[in-house]
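Visitor: Take this sequence and fold it.
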Amino acid sequence: MSDKIYDLFIIGGGINGCGIARDASGRGLSVALAEMNDLASATSSASTKLFHGGLRYLEYFEFRLVKEALEERETLLRAMPHISWPMRFVLPYHKDMRFDSTTPTSKLLTTVMPWMKGRRPAWLIRLGLFLYDNLGGRKILPATTTVDLTHAPEGAPIEARFAKAYEYSDCWVQDSRLVVLNARDAEARGANIMTRTKVTSARRVEDHWEITTEQHGRFKAKMLVNAGGPWVMDVIQGVAGINSSENIRLVRGSHIVTKRLYDHDKCYFFQGTDGRIIFAIPYEQDYTLIGTTDADHASFEETPTCSDEERDYLIQFANGYFKQKLTAEDVVWTYSGVRPLYNDGAANATAATREYVLRVNTDGGAPILNVFGGKITTYRRLAEAALDEVGKFFPDLAAKWTAGVPLAGGDFAPDGVADLSQQIATRYPFLEDKHVTRLLRTYGTEVFDIYGAATTAADLGEDFGAGITAAELDWAMRREWVVNADDFLWRRTKLGLRLSSEQRARIGAYLEAASG
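Guide: Sure, this is the predicted structure:
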């Protein structure tokens, strides 16, 4: 065990853990973070990839959560215009659309307007969108408009019974890259980021914690931060040995990916006959992402996978809107993640709160901060709230600083994407347009660091397919904790969609050989 005592030791390398590590390091605290697998290997790489306010949460009267998330969208856009960008969402309307019968709004309208029989009236949707436009102080994103689907291109892929739609703004984000960029920024500010490092025990010793890991021995810290996500209760009870009355609700969200279903670049927000909603989103240039489900998940020990039942539910849901009917054979990939929501006793998984909850336990010794729940959209605000709690034990803590400070590669204006794209294409004329777009949306201005002075494709080393070269893999190993093929193909990128099993194996062999 080193004699060094860190200020914070963070367990968990998802978005909450890495966001807190970045914020804390930037305020002058010494930070160590341990992730038992790869960064973003669980919930944080399995989201619907949206920075959004959560339009449906208005029906649950979660106004504070929605307001905070809406405010964050534009703050985050300015800090990461390479991995996050504005999108327009098309919400087709039909008079037979219905509420989830368990929402507070549904119950209220059923009481005062029983003749509606659970239907969502158009005026209520428009009221919700008015709130959505105005709660968050929107400046960059355009406001809601009405679309005539009988003439607009957005109406072409969907059934003719939908004649009208509302179009509003939200944002896309490369979720697992967001995690890695926060970890990189934390490391650049002095944090010790350790992947594939499992914490086996943490015990209070006098005024500090002694933390034992399987891979790197033992550490000391003045304060422990439990950002274990689905494992948060296991860390409290199993690792730290603390009795707690807190609890979480594990909710599984599954998604399917198909070949691209329509030509335009907008998303669809579909409402189901059961009152639930799903999105259909342009994905990785050539695909469509459809999701998500909400189902209770039995245990953090059970690997989340998209069941046949969930896949078929999403297919049936989408087929209620699209003219082109999907079958299971059209699904090229599925993924599933578990949201560790704070257990508020909601009747079903869909209604469970998405609010984050922070709890500090001292039990007469060194403090531990336990993080429950949260949304990827509000990760930065969650980190600030966590540092408010940390600051009670570190009275000289520096002020908030992360709002608007760019992440690596994001040092250009949100409206500067076209200019940066042209710079990349000019500097590397051997790249195809789609490759330029992929690199920009992955690395931003760091493309120039990765490709350097290359003048031909051959200068980048071995070509592994889908535009992946040895230069990119070497950089990912050196700068982004990439160890194996899955790290690169499914978390740092989603290029696994484009490669054969043989190509993926070649990349795995290259990474294994390079790592020794």
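
Visitor: only C-alpha atoms for contact and neighbour calcs from this point on.
Guide: Noted.

Visitor: Show me where the protein dips below the pLDDT cut-off.
Guide: 1, 98-102, 105, 109, 114-120, 344-354 (pLDDT under 70).

Visitor: Pull the number of nearby residues for Gly17.
Guide: Gly17: 29 surrounding residues under other Cα atoms under 10 Å.

Visitor: what's the neighbour count on Glu329?
Guide: 7.

Visitor: With Arg138 instead?
Guide: Neighbours around Arg138, by other Cα under 10 Å: 17.

Visitor: so where does it fall, helix or strand?
Guide: For Arg138, there is no enclosing helix or strand under DSSP states H and E.

Visitor: Hmm, it is touching Leu77, no?
Guide: No. In this structure Arg138 lies outside contact range of Leu77 using Cα atoms under 8 Å: 12.0 Å.

Visitor: mind checking the SS state of the nearest residue in space to Glu167 that is not next to it in sequence?
Guide: Leaving aside its chain neighbours, Glu167 sits nearest to Val90 (4.5 Å; criterion: Cα to Cα, 6 or more residues apart in numbering). State at Val90, reduced to three classes by DSSP: H, G, I helix; E, B strand; the rest coil: strand.

Visitor: could you list every residue that touches Val90?
Guide: Glu154, Ala165, Tyr166, Glu167, Tyr168, Lys266, Cys267, Tyr268, Phe269 (Cα atoms under 8 Å, 6 or more residues apart in numbering).

Visitor: Compare these and tell me which is most surrounded.
Guide: Cys267 (25 neighbours).

Visitor: I figured that one hits Pro86, correct?
Guide: No. Contact between Cys267 and Pro86 fails when scored by Cα under 8 Å: they sit 10.9 Å apart.

Visitor: just the contacts of Val90 now: which is nearest Asn243?
Guide: Nearest to Asn243 among those is Phe269, at 42.3 Å by Cα to Cα.

Visitor: So which residues of this structure form helices?
Guide: 15-26, 63-79, 104-112, 122-134, 175-188, 232-234, 308-319, 379-390, 417-427, 433-443, 447-451, 470-479, 485-486, 501-514 (DSSP state H).

Visitor: what comes up buried for the last one?
Guide: For helix 501-514, burial by neighbour count (16 or more other Cα atoms under 10 Å) applies to Arg504, Ile507, Gly508, Tyr510, Leu511.

Visitor: Dump these to JSON lines, plus distance to Pro230.
Guide: As requested, the buried residues of helix 501-514 are exported to JSON lines (distance: Cα to Cα, whole Å):
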{"residue": "Arg504", "distance to Pro230": "29"}
{"residue": "Ile507", "distance to Pro230": "30"}
{"residue": "Gly508", "distance to Pro230": "28"}
{"residue": "Tyr510", "distance to Pro230": "32"}
{"residue": "Leu511", "distance to Pro230": "29"}
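
Visitor: The residue nearest to Lys49 when sequence neighbours are not counted and His52, how far apart?
Guide: Counting by Cα to Cα, 6+ apart, Val173 is the residue found nearest to Lys49 once chain neighbours are left out, at 5.2 Å. Per Cα to Cα, to the nearest Å, Val173 is found 10 Å from His52.

Visitor: Asn361 now?
Guide: Relative to His52, and taking Cα to Cα, Asn361 is found at 32 Å.

Visitor: picking that back up, could you look over the helices of the chain and pick the most buried one?
Guide: Mean neighbour count (mean count of other Cα atoms under 10 Å) peaks for helix 15-26 among the helices of the chain, with a mean of 28.

Visitor: Which elements pack onto it?
Guide: Using 3 or more Cα pairs under 8 Å, 6 or more residues apart in numbering; DSSP states H and E as the contact test, the elements touching helix 15-26 are strand 5-11, strand 31-34, helix 175-188, helix 379-390.

Visitor: Give me the number of neighbouring residues for the residue nearest to Leu149 when sequence neighbours are not counted.
Guide: Nearest residue to Leu149, sequence neighbours excluded (Cα to Cα, 6+ apart): Gly155, at 4.2 Å. For Gly155, the neighbour count with other Cα under 10 Å is 21.

Visitor: Tabulate the contacts of Val90 in a markdown table, adding columns for distance to Thr303.
Guide: Converted to a markdown table, the contacts of Val90 look like this (distance: Cα to Cα, whole Å):
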| residue | distance to Thr303 |
| --- | --- |
| Glu154 | 37 |
| Ala165 | 38 |
| Tyr166 | 37 |
| Glu167 | 36 |
| Tyr168 | 35 |
| Lys266 | 32 |
| Cys267 | 29 |
| Tyr268 | 29 |
| Phe269 | 28 |
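
Visitor: Report the contact partners of the residue nearest to Lys49.
Guide: Lys49, Leu50, Phe51, Ile83, Ser84, Trp85.

Visitor: before we move on, what about Tyr451?
Guide: Neighbours of Tyr451 in contact, by Cα under 8 Å, 6+ apart: Leu460, Ala471, Glu472.

Visitor: Please report how far the second one lies from Trp209.
Guide: If I follow you right, that is Ala471. 41 Å.

Visitor: Arg492 contacts Arg177, doesn't it?
Guide: Yes. Here Arg492 reaches Arg177: they are 5.7 Å apart, a contact under Cα under 8 Å.

Visitor: check contacts around the residue sitting nearest the centre point of the chain.
Guide: Compute the mean C-alpha point of the chain, and by Cα atoms, centre = their mean the closest residue is Asp175, 3.7 Å away. Counting by Cα under 8 Å, 6+ apart, Asp175 touches Ser44, Ser45, Ala46, Ser47, Lys49, Ile376.

Visitor: all strands for the stretch 201-350 of the chain, in order.
Guide: Taking DSSP state E, counting those that start in this stretch, the strands of the stretch 201-350 of the chain run over residues 208-213, 217-226, 248-259, 267-271, 277-283, 287-291, 295-296, 331-342.

Visitor: Of all those strands, which one comes closest to Gly320?
Guide: Closest among these, once you apply Cα to Cα, is strand 267-271, at 9.0 Å.

Visitor: Pairing partners for that closest one, with directions?
Guide: Here strand 267-271 is paired, per DSSP bridges, with strand 84-93 (parallel), strand 277-283 (antiparallel).

Visitor: And these: which comes nearest Ser421?
Guide: strand 84-93 (14.2 Å).

Visitor: Work out the gap between that closest one and the centre of the chain.
Guide: Its chain's average C-alpha position is 17 Å from that of strand 84-93, according to Cα atoms, centre = their mean, to the nearest Å.

Visitor: What of stretch 28-47?
Guide: Using Cα atoms, centre = their mean, the offset of stretch 28-47 from its chain centre is 13 Å.

Visitor: before we move on, what about stretch 122-138?
Guide: The answer for stretch 122-138 is 24 Å, by Cα atoms, centre = their mean.
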